[in-house]
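**Student:** output the structure for:
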Amino acid sequence: MKKTLAVLFAMMPLVILGCTWVQLTPEGKNVRVLDAKQAESCKKLGQTTTSVLAKKGIITRDEEKVSEELATLARNSAADMGGNVIVPISDIKDGERSFAVYNCSRP
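**Tutor:** Predicted coordinates for the structure are as follows:
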């Protein structure tokens, strides 16, 4: 029994790190992620920088999950700014990334 509990507690950080804590708001659902070329005819509103936990102690979180959460936060932020498109404008460094926020008319 003690071994089973020890294994469960040892696995807990892996389970927690796999979960997504960042939720997309209803307004954020209307914001698309595009590349710079796709947004070149759009009106730039500004930029936002988002950050999430990239490491938990000595455990590095999954890069794709971190990227997804950063984009989700940026989509929520862009919606608050009146934008409907974000474009990543930096690489991810220490769980942080910057995005340009645009308002694009939909075709």
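
**Student:** and the strands in the protein?
**Tutor:** 32-33, 43-51, 55-56, 59-60, 85-88, 96-103 (DSSP state E).

**Student:** show the pLDDT at the residue minimising distance to the centre of the chain.
**Tutor:** In the chain, the C-alpha nearest the mean C-alpha coordinate belongs to L70, at 1.7 Å (Cα atoms, centre = their mean). pLDDT, L70: 97.

**Student:** which residues does it contact?
**Tutor:** L70 sits next to T50, S51, V52, I92, G95, E96, R97 when contact means Cβ atoms under 8 Å, 6 or more residues apart in numbering. Where C-beta positions appear, they are placed from N, C-alpha and C, glycine not excepted.

**Student:** what pairs with the first one across the strands?
**Tutor:** T50 has the following beta-bridge partners by DSSP bridges: R97.

**Student:** is it in contact with F99, as I believe?
**Tutor:** Yes - with contact defined as Cβ atoms under 8 Å, T50 counts as touching F99 (7.1 Å).
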